[in-house]
Each structure stands twice: as C-alpha cells, then as structure tokens.
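A.B. asks: my questions concern the predicted model and sequence given below.
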Amino acid sequence: MVGDAFSQETRSQVVEAIETYFEGEVDLIIYSLAAGVRPKPNSDEFWRSAIKPIGESVTGATISLDHDLWVTNTLEAATEEEAESTLKVMGGEDWENWIDELINAESIAPCCKTIAFSYVGPEVTHPIYLDGTLGRAKIDLHQTSHALAHEKRESVSR
C-alpha cells in the first residue's frame, strides 16, 4: 500500500488491512517515517522540517562532484520556528497518534511492541543531526517511546 502516512485515509486503510490480513490485530509496530513536510490537522497549512544546527551556524566542507571542487559552506542556525516545525514533522507526536488510532480500532494485540528507528549520524554531523533540529526531534521521539512504554505498563497493571 502506498499512501500519505499522516492522512486519516491511510490510517483507515491500515486498520482495514490489519482486520483483513492479520486476524484483526498486530503484535509489532515499527515506526520509521522520514518526511520533510507534515500537514497541520484540519488545515491547508504544513509544518516543514529544517535540517539545521541550533544556537550557532556550522561551517564545513563538501565536494561538488559536478564541478570537481572542494566547497566550504555555512549552514545558518535554525530559528525557533524551524526547530519546532522539525519536531512536529519528525518527533514522536505522529507515532503516538498512530498508536492511539490502532488502540481505538482494537487493532493491537495485548503484548504488542512498538519501536521507532532513529539516526544520529557520525560525529562530524552531530551539530546538525544530534545537537540540531533533527536531534531535538529525536529527543521528542525517545520521550514518546518512554511515554508509550509507561502507558502500556499502566494499562496492563489495571
């Protein structure tokens, strides 16, 4: 199935597929979504991610293969709005929304596990991937992981 992972239509199709092909429930959910844009709910507007450092600009070298040149570039620091938009696109909120959708549709098996893939890159990219806008989104993703684990423990202990 191909679809917009952020859309309600795709979520409904996934629930229907689980009912049809997986006897109504799944026991493993892997959330691995990399997107540059996420629609704002009930709006024609979008959050747009920005792969940038936070706090200060970063200067580094790249190779222009088209021109066979060594090029020095500076990536300007993200604004707070860019950092927040990146968190909305690549953080854990959508993952949690998917899990809520599947719980409400009774499509999750009692011992279901869910994981999300995360990438921080090599040390040379840490100002962007780990300490930058993507890193902030990854922190949110990890916090969502802990919240989902706590939520699961709470529902099991009742």
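C.D. replies: Perfect, I can see it now. This structure is a prediction, so every number in the text was calculated from the model and none was measured. Numbering: from 1, shown residues only.

A.B. asks: which stretches of this structure form strands?
C.D. replies: Using DSSP state E, the strands assigned to the chain run over residues 26-31, 37-39, 46-48, 58-64, 69-75, 108-116.

A.B. asks: leaving out sequence neighbours, find the closest residue to the most centrally placed residue in the chain.
C.D. replies: Central residue of the chain (C-alpha atoms, centre = their mean): residue 90, 3.3 Å from the mean position. Computed as C-beta to C-beta, 6 or more residues apart in numbering, the closest residue to residue 90 that is not its neighbour in sequence is residue 137, at 3.9 Å. For glycine as for every other residue, the C-beta is placed from the backbone atoms N, C-alpha and C.

A.B. asks: was I right about the one you found contacting residue 87?
C.D. replies: Yes. Between residue 137 and residue 87 there is a contact under C-beta atoms under 8 Å: 4.8 Å.

A.B. asks: related to what we said a few turns ago, what sits against the residue nearest to residue 90?
C.D. replies: With contact taken as C-beta atoms under 8 Å, 6 or more residues apart in numbering, residue 137 is in contact with 49, 86-87, 89-91.

A.B. asks: residue 143 versus that one, what's the distance?
C.D. replies: Remark: distance between residue 137 and residue 143 (C-beta to C-beta, to the nearest Å) = 11 Å.

A.B. asks: any idea which helix is longest in this protein?
C.D. replies: Scanning the chain for the helix with the most residues, using DSSP state H, yields helix 133-157.

A.B. asks: excluding its backbone neighbours, what's nearest residue 119?
C.D. replies: Leaving out its chain neighbours, the residue that sits closest to residue 119 by C-beta to C-beta, 6+ apart is residue 129, at 7.0 Å.

A.B. asks: oh, I was asking about residue 18
C.D. replies: The shortest distance from residue 18 to any non-neighbouring residue, by C-beta to C-beta, 6+ apart, is to residue 107 (4.5 Å).

A.B. asks: rewinding a little: how about the contacts made by the residue nearest to residue 119?
C.D. replies: The contact partners of residue 129, by C-beta under 8 Å, 6+ apart, come to 51, 119-121, 135.

A.B. asks: possible to save the residues you listed as a markdown table with neighbour count?
C.D. replies: A markdown table is the format used below for these (neighbours: other C-beta atoms under 10 Å):
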| residue | neighbour count |
| --- | --- |
| 51 | 16 |
| 119 | 11 |
| 120 | 13 |
| 121 | 12 |
| 135 | 21 |
